[in-house]
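Let me see the structure of the following:
(chains A, B and C)
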Amino acid sequence: MTNLSGRNIISFDDLSIDDVLSIFETADEINADPKKFFGHASGRIASTLFYEPSTRTRLSFESSMQRLGGGVISAWDVNASSASKGESLADTVRVVSSYSDIMIIRHPWEGAVKLAAEYSQVPVINAGDGKHEHPTQTLCDLYTLRERHGSLEGLNVAICGDLSNGRTVHSLAFALARFGSNIIFVPGDGNDIPDYVLRRLERDYKAHIQKEGLGILKALFNSESPTETGSSINAIYVTPKEPHQLAMSSLEGNTVDFNIPEGESLSLYVTRRQTERGSIEINKGDYPFLDEKALSSSSFKDVSILHPLPRVDEVSPEVDQDPRSLYFRQAAVGIPIRMALMLHLLGSTDVENKKEKVFNSGQFSGVKYARSDFVCSNETCISNKETQFSKPAYEIVKDKQYKLRCLYCDFETICDLVGNIESKFFYSTELLDRFLPTVLLENVRFFRSDEEAKLAGFKKASDRWNKLQWKTGRNSRDWIETITE
Amino acid sequence: MTNLSGRNIISFDDLSIDDVLSIFETADEINADPKKFFGHASGRIASTLFYEPSTRTRLSFESSMQRLGGGVISAWDVNASSASKGESLADTVRVVSSYSDIMIIRHPWEGAVKLAAEYSQVPVINAGDGKHEHPTQTLCDLYTLRERHGSLEGLNVAICGDLSNGRTVHSLAFALARFGSNIIFVPGDGNDIPDYVLRRLERDYKAHIQKEGLGILKALFNSESPTETGSSINAIYVTPKEPHQLAMSSLEGNTVDFNIPEGESLSLYVTRRQTERGSIEINKGDYPFLDEKALSSSSFKDVSILHPLPRVDEVSPEVDQDPRSLYFRQAAVGIPIRMALMLHLLGSTDVENKKEKVFNSGQFSGVKYARSDFVCSNETCISNKETQFSKPAYEIVKDKQYKLRCLYCDFETICDLVGNIESKFFYSTELLDRFLPTVLLENVRFFRSDEEAKLAGFKKASDRWNKLQWKTGRNSRDWIETITE
Amino acid sequence: MTNLSGRNIISFDDLSIDDVLSIFETADEINADPKKFFGHASGRIASTLFYEPSTRTRLSFESSMQRLGGGVISAWDVNASSASKGESLADTVRVVSSYSDIMIIRHPWEGAVKLAAEYSQVPVINAGDGKHEHPTQTLCDLYTLRERHGSLEGLNVAICGDLSNGRTVHSLAFALARFGSNIIFVPGDGNDIPDYVLRRLERDYKAHIQKEGLGILKALFNSESPTETGSSINAIYVTPKEPHQLAMSSLEGNTVDFNIPEGESLSLYVTRRQTERGSIEINKGDYPFLDEKALSSSSFKDVSILHPLPRVDEVSPEVDQDPRSLYFRQAAVGIPIRMALMLHLLGSTDVENKKEKVFNSGQFSGVKYARSDFVCSNETCISNKETQFSKPAYEIVKDKQYKLRCLYCDFETICDLVGNIESKFFYSTELLDRFLPTVLLENVRFFRSDEEAKLAGFKKASDRWNKLQWKTGRNSRDWIETITE
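Below you'll find the model as predicted:
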């Protein structure tokens, strides 16, 4: 039995598979008899704090809380009120959390809701932090698919459109991967899925790149009648071994074939062009458009059409009446899902029992680097906005290069340089791999440029010295020695 | 017993006389013991969706729902949130209706709430759609008069001020007519009651034009002490046989006399200058102004003073304490009235049983003309704004000319031309009257101008041909034949 | 037993000491078992009408009402809605009070909530009227201090920062004085406590000026380690005999010493720079700043740190974790305090039994001067904004000069001239003192300038005449005679 009471839901990753299934089971019960749950939150108050407008999400939470018998306090134009007096998010959250039993927060800056949770006395739900996470949207997405298809395992879910800016997409991809669905990324031109998402799918969920046919999905881009067999496509996919992951980073490029296996269903998840997030302008025809013609292939016979809404023009209104359309159902399940989630979080006052990730020993990758003198490269990360209240920390990521992944916003900053705090010399991070077993994290400082290292008072180790160190192993000893004590 | 459950209230006309009386009886019960009704809507949610600000109306609905024990979700600055992402009203309504049990909508475009009701899963109440309808205001108006005077039948109600733009006025006029009140229109200069309202009063409620004295009401326009007897006025009235309707389209013009019969009461309904709706600027003295002096005539001894509020300066604050002032009572009854209305609409989940109007056979007038290729002439009609989601339809209206009354916004577009879809010729609509019994509606297309008809691929029938057709009856046969199959 | 039901809370002065203690006792009960009170306001509605944004205060009231089981209707961007149609505050309040059982109002104009209460049918709570009053903030301040220190009597409370513009400060000073706390005013440069506040402390609460040491508090202004003994300060204090009042109008000037007695605690109440209220720009170092260093003196060992929030930078975040910091507790007690207050006001429907102040006979000072032809000098006083609905009235105040204290906003207008309504001559107000016993208030009109008096049709009495009057006593008789009848 999973225990969610008192927990914060900042990222979908905060939920285990058991947690999610437990929420789904409660949502099933609510769907079966919604009135039964009225009164379960009597006398409890939810606060909705929206620093960015979102009628849909806010109303969904507020309706859910009231269907449980609870009350709601709401501030959805926060910039116009206290914020204009210069109050920090941390202070606002400390106060408002003392007025309520659960907080729902939306904020334009990545990581802001994580910071809020650090200062809140009550459970916090992320209702969207910039282009970062929106975990309850993902819960609704999964629940809708599960409701229609019975299970998420083995579903082929094509995710189409703006894959670079849509926060819902990244959460969904991770979630689908965890639940064993197969993913096909079908980005609009210039809206590829970011590398760090692909890498994380691969790294954390054992995805690996493979090639499959995808031609049939091309029909979505020019609204022509789809061919009945797989046709040529121009992309690379990322596919995990299990669950099955297909990623196509661009429609330009290599030609590959994709055939949906017989008897398997296909779900389409279309996102709108998020123009307000600064995505690239797309020419007509470069972005998916679903109408009845595009959906006329027998391959789409049992397809489910999902969309997080609001839509602009990616899905023709003529599709609305089509029984394959689930996007309004997807919105409607927001009520039982959010009722279930809040019921679980309010369930008892047990203190959250966060489990620290266990990292592999003998390597830096995956290790926490908690130095406030390193500044996240994402300008809209909350750690760059509320410097007095944030506690910057990073996960060290190593693939081709060393990177620091911000624990607030997940942005990965490439760090090619590493300083030895004792000797005050800095080196290429390549050295780390070689001497890793003997390097202590406390003696290491990462830099993204020579300038940054020099400003911090470090001197560049000469190339010749570096080479010597590499060659002799003797000169490198002073590095090793100083960092191992 | 009337059954309102599950119904939409878009226009006051959606309510039968029995419906209204049934609501009033419930409101009487609520007034007698408000606490008795707390809990009747427990666990139910009302959503207030305001695309145009209106504190008064919104708070009245929200208080009413909560006095019933229900919850409220509210978005009252909608343009700042989802709407700015380009979402259609239809989509917003589909989603929000899945969060709530009843929707209350205000929108700046005429017909918008009717369109919303077409996409909502739950009952919709119109809280004002542009300058079109505002049925709950009318309910409050009638209830206040009934409360004071015991009955609406035979009341002489003078409606003064801006009669051209005020939506409350038109609804009120139709409603008063149906309940047997006598109406005197006293427009400010340039704010006459529109022709289509007068015509509909005449057509649907058997009003006919007659002349009566109205001099005493002139005092309202210059705040001088009123004369005690009827004095000269300069106008034309429209008066229905039963109920008694007096319409004066302007204070300029003919001189007529009006004397309020002995023993009959007079109610004044004053509207404010709706400057934001683009009404004509009125010089001081051209607009009614009520102060104690203007009300000093013994004819006004038992007058009821109503005003939909907010007022600007039409009623002097000195009148506020006068027991004849009912405008604050009029606002206060908004609570029991809206509680009663919502109770009835939420009453059960019976599906709305809309009755189609029965039209007279053998004539086009009153017949529905549902062609999406005809565009309503009202630019702010919702059918011109949400073209993808609206289903334009019209009622064919014939008085002097043929007109198409939009079923969304009630605007009447004059159509002097009619096309024969088979022959592709277009003619004067005068022909329709002659050949009506044999013309099939499916073969007819209405046009407002030659250009429109030609753009649609129709050719103009020559005058000589037309005359020949008229004369011989033989040439007209090809018209008749083609249109009768 | 105090009876608060049906009362308005416009100023903290509307509450007697017994009232406050009664509220505190209820708050204690709520703190002990909050759930016990759920349902005590079932079916009741609170309306929050905010003409100025204040997320914190609004949410606190709305949470409190819902924790009692009541409902909330809220308009917190009022200028965008009905107000833009030109509606008066009086009309809005009359209508919204008919929708609710209690009103909570914030308004940018001084006295606005008092005017609102005059038109409301239900109890009104002032949630801030311009820079005037904010009584529930004061209740929270006192309750927090009482909770920590057991009692308010004999506490030494230093009030630091912007003492000229902060409404919370003035209310707090009066309240602390009434409850027997000692006050030390420590203003930032140019932010002295206003004279009328000092005068009222002295006049109404028997404060008198005395000098004490205050050097230790200087540390707050430059964030240096405080000296352990009293050091030189540059100010004048106002100290009541009992309770003990210490007022220092400026840090510049005279040198005085202040030593906190052994064993007595010191509370610091820091206000933020209220830039939006037009306070003077303060150079760094001229405004108090609390960090751990400044608080390192043993004199501050048991200090309580209060702040009404939101803060800008007066208190370092490093102090947040310090157990001496109470400012977040101060915000949190807003819930039990406002629950308790609303419970008391909603308690029964007894009509408010306002007691008229009893004035001393034989003097004008303290007497009510209710003439609408005198206009308050405070431009943002509600009486200058809603002239049709306000009923201007003043208290005559005499210290060095005659002044009229507006009963809406408390602003004191100096009036050096007084007119004799019968003779139409005006004189220096010095005459009043001399002839007071025989002057009737009805015959007197106050003026602030010759121009004003002349505009009102009064003639200036010549200096020679005045002198003669003074000397002979005979010529002055026509003044006395005309005004005494």
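
A:Lys35: how many residues sit nearby?
11 (other CB atoms under 10 Å in any protein chain shown). Yep, even glycine has a C-beta here, placed from its N, CA and C like the rest.

cool, and A:Thr55?
By other CB under 10 Å, the burial measure for A:Thr55, its neighbour count, is 25.

Need phi/psi at A:Ala127.
Taking degrees, to the nearest 10, you get phi -100, psi 30 for the backbone angles of A:Ala127.

Nearest residue to it in space, ignoring adjacent ones along the chain?
Excluding its sequence neighbours, the residue lying closest to A:Ala127 (CB to CB, 6 or more residues apart in numbering or on different chains) is A:Arg106, at 4.2 Å.

now do A:Ser60
Nearest residue to A:Ser60, sequence neighbours excluded (CB to CB, 6+ apart): A:Gly334, at 4.0 Å.

show me what contacts that neighbour?
If a contact means CB atoms under 8 Å, 6 or more residues apart in numbering or on different chains, then A:Gly334 has A:Arg56, A:Thr57, A:Ser60, A:Ser64, A:Thr136, A:Cys140, B:Ser98, B:Tyr99 as its contacts.

Could you look up the SS state of the residue nearest to A:Ala127?
strand (DSSP: H, G, I helix; E, B strand; the rest coil).

Distance of A:Ala117 relative to A:Pro310?
Between A:Ala117 and A:Pro310 the computed distance is 27 Å (CB to CB, to the nearest Å).

where are the low-confidence patches of the stretch 301-450 of chain A?
A:348-365, A:434-439 (pLDDT under 70).

Which single residue of it approaches chain C most closely?
For the stretch 301-450 of chain A, the residue closest to chain C is A:Gln388, as judged by CB to the nearest CB, at 4.8 Å.

and the residue nearest to A:Ala127, how many neighbours?
Neighbour count of A:Arg106, defined by other CB under 10 Å: 25.

Okay, and the beta partners of it?
Under DSSP bridges, the beta-bridge partners of A:Arg106 are A:Phe50.

For it, give me its contacts.
A:Arg106 neighbours (CB under 8 Å, 6+ apart): A:Leu49, A:Phe50, A:Tyr51, A:Glu52, A:Ser54, A:Thr57, A:Arg58, A:Val113, A:Asn126, A:Ala127, A:Gly128, A:Asp129.

By neighbour count, which of these wins?
Greatest neighbour count in the contacts of A:Arg106, by other CB under 10 Å, goes to A:Val113: 36 neighbours.

Who are the packing partners of the helix or strand containing that residue?
A:Val113 is part of helix A:112-119 when elements are defined by DSSP states H and E. With contacts taken as 3 or more CB pairs under 8 Å, 6 or more residues apart in numbering or on different chains; DSSP states H and E, helix A:112-119 sits against helix A:89-97, strand A:102-107, strand A:124-129.

Include mean pLDDT when you put the ones you listed into a markdown table, please.
Below are the helices and strands packed on helix A:112-119 laid out as a markdown table (pLDDT from 0 to 100):
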| stretch | mean pLDDT |
| --- | --- |
| helix A:89-97 | 94 |
| strand A:102-107 | 96 |
| strand A:124-129 | 94 |
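
Give me the three-state assignment for A:Glu133.
A:Glu133 is classified as coil under three-state DSSP.

Would you mind listing what in the stretch 251-400 of chain A touches chain B?
Residues of the stretch 251-400 of chain A lying close to chain B (CB under 8 Å from any CB of the partner chain) are A:Arg272, A:Glu276, A:Leu309, A:Pro310, A:Arg311, A:Val312, A:Pro317, A:Phe328, A:Ala331, A:Ala332, A:Gly334, A:Ile335.

what's the most distant pair in those?
Pairwise distances across those (CB to CB) peak at 26.4 Å, for the pair A:Glu276 and A:Ile335.

Can you name the helix or strand that the closest residue to A:Gln330 other than its chain neighbours falls in?
Distance criterion CB to CB, 6+ apart; nearest residue to A:Gln330, sequence neighbours excluded, is A:Thr144 at 4.4 Å. If you go by DSSP H and E, A:Thr144 is part of helix A:135-149.

Tell me what angle that helix forms with strand A:124-129.
Per axes from the mean of the first three to the mean of the last three CA atoms, to 10 degrees, the angle that helix A:135-149 makes with strand A:124-129 is 90 degrees.

Can you give me the domain boundaries for chain A?
Listed domain ranges for chain A are A:12-132+A:333-346, A:136-319, A:365-413, A:415-485 (source: automatic domain parsing).

most neighbours per residue, which of the ones you listed?
Of the domains of chain A, the one with the most neighbours on average (mean count of other CB atoms under 10 Å in any protein chain shown) is domain A:12-132+A:333-346, at a mean of 22.

end-to-end on that domain?
18 Å (CA to CA, to the nearest Å).

same thing with stretch A:114-129?
Span of stretch A:114-129 from end to end, CA to CA: 9 Å.

Between helix A:135-149 and the strand or helix carrying A:Leu21, find me the angle.
Per DSSP H and E, A:Leu21 falls inside helix A:17-32. Angle of helix A:17-32 versus helix A:135-149, following the same axes, to 10 degrees, is 70 degrees.

now A:Val397: how far from A:Phe447?
16 Å.

Ok, A:Val72 next?
For A:Val72, the distance to A:Phe447 - CB to CB - is 47 Å.

and if you look at A:Leu417?
Distance of A:Leu417 to A:Phe447, given as CB to CB: 4 Å.

Likewise for A:Leu163?
Distance, A:Leu163 to A:Phe447, by CB to CB: 31 Å.

Just the closest of the contacts of A:Gly334 to chain C, please.
The shortest gap between chain C and any of those belongs to A:Ser64, at 15.5 Å (CB to the nearest CB).

which one is the closest one nearest to, not counting chain neighbours?
In space, A:Ser64 is closest to A:Arg338, 3.9 Å off (CB to CB, 6+ apart).

Taking helix A:17-32 as reference, get the angle to the strand or helix carrying that neighbour.
Using DSSP H and E, A:Arg338 sits within helix A:334-346. With the same axes, to 10 degrees as the basis, helix A:334-346 and helix A:17-32 are set at 130 degrees to each other.

Touching whichever helix or strand comes after helix A:334-346 from outside, list them.
Using DSSP H and E, the helix or strand that follows helix A:334-346 in sequence is strand A:368-369. Strand A:368-369 is contacted from outside by A:Phe359, A:Ala393, A:Tyr394, A:Glu395, A:Ile396, A:Leu404, A:Leu407, A:Leu441, A:Val444, A:Phe446, using CB under 8 Å, 6+ apart.

wait, which of those residues is closest to chain B?
Distance to chain B across the contacts of strand A:368-369 (CB to the nearest CB) is lowest for A:Leu407, with 29.7 Å.

my guess is the closest one contacts A:Ile396, does it?
No - with contacts defined as CB atoms under 8 Å, A:Leu407 does not count as touching A:Ile396, sitting 11.2 Å away.

how close does A:Ala158 sit to A:Ala175?
Counting by CB to CB, the gap from A:Ala158 to A:Ala175 is 15 Å.

Then A:Phe300?
The gap separating A:Phe300 from A:Ala175 is 23 Å, by CB to CB.
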